[in-house]
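Participant: Quick one, structure for this:
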Amino acid sequence: MRLIHYTTPHGRTYSPVFARSPWAGLEQQMDRLFGAALGESVAAPVAGFPVDLYEDAAATYVRAELPGVNRADIGVELADGTLQISAKRVRKVGDIEETAALSRALTVPEGAVQSDKISAAYENGVLTVTLPKREEARPRKISVTVA
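Facilitator: Prediction:
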């Protein structure tokens, strides 16, 4: 299995110790770069969540961390070459109910995925979407013979 890349929503820092990470500028530029490559709007801030993409010979996997989200409040849809993941997190604080809507869109190459066999599993706050590759898109081992 190989890791393709890791992206975070705009403005997220990794350093809980410092108020401002010394890498914040670089992180924002990397978020913009990956966001543009995945078809996200570069100018508008994204209400998103971290996503990992990785693949093996049989499938590509999208892994999203969605802690505190009910399974019924998660939507996964593939349309026009775009995988859309949306979630709604509802939190009660006393008598007040707060709702946060999150979404993420990823571009899927045309003809590379068996769309009728896509599956999604949600366990312990982590959503894993499995995108099986078409037989034509899978790597094949070619034997080399002596001529």
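
Participant: Closest to the centroid, which residue in the protein?
Facilitator: In the chain, the residue lying closest to the centroid (CA atoms, centre = their mean) is Val51, at 3.4 Å.

Participant: can you pull out the strands in the chain?
Facilitator: 2-7, 51-55, 59-65, 74-79, 82-93, 96-107, 119-123, 126-132 (DSSP state E).

Participant: among the ones you listed, which is nearest Val113?
Facilitator: Closest approach to Val113 among the strands of the chain (CB to CB): strand 126-132, 4.7 Å. Bear in mind the C-beta positions are built from the backbone N, C-alpha and C, glycine included.

Participant: could I have the closest one exported to CSV, CA atoms only?
Facilitator: Extracted as CSV, the C-alpha positions of strand 126-132 are listed here (Å, rounded to 0.1, in the frame of the first residue of the first chain):
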residue,chain,number,x,y,z
VAL,A,126,-13.3,7.1,10.6
LEU,A,127,-15.0,6.9,7.3
THR,A,128,-13.3,4.6,4.7
VAL,A,129,-14.6,4.8,1.1
THR,A,130,-13.3,2.0,-1.2
LEU,A,131,-13.1,2.7,-4.9
PRO,A,132,-12.4,-0.6,-6.7
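
Participant: Report all helices and strands that that strand contacts.
Facilitator: Applying 3 or more CB pairs under 8 Å, 6 or more residues apart in numbering; DSSP states H and E, we find strand 126-132 packed against strand 59-65, strand 74-79, strand 82-93, strand 119-123.

Participant: Sheet-wise, list the partners of it with their directions.
Facilitator: The pairing partners recorded for strand 126-132 under DSSP bridges are strand 59-65 (antiparallel), strand 119-123 (antiparallel).

Participant: Just say which of these is most tucked in.
Facilitator: strand 59-65 (a mean of 18; mean count of other CB atoms under 10 Å).
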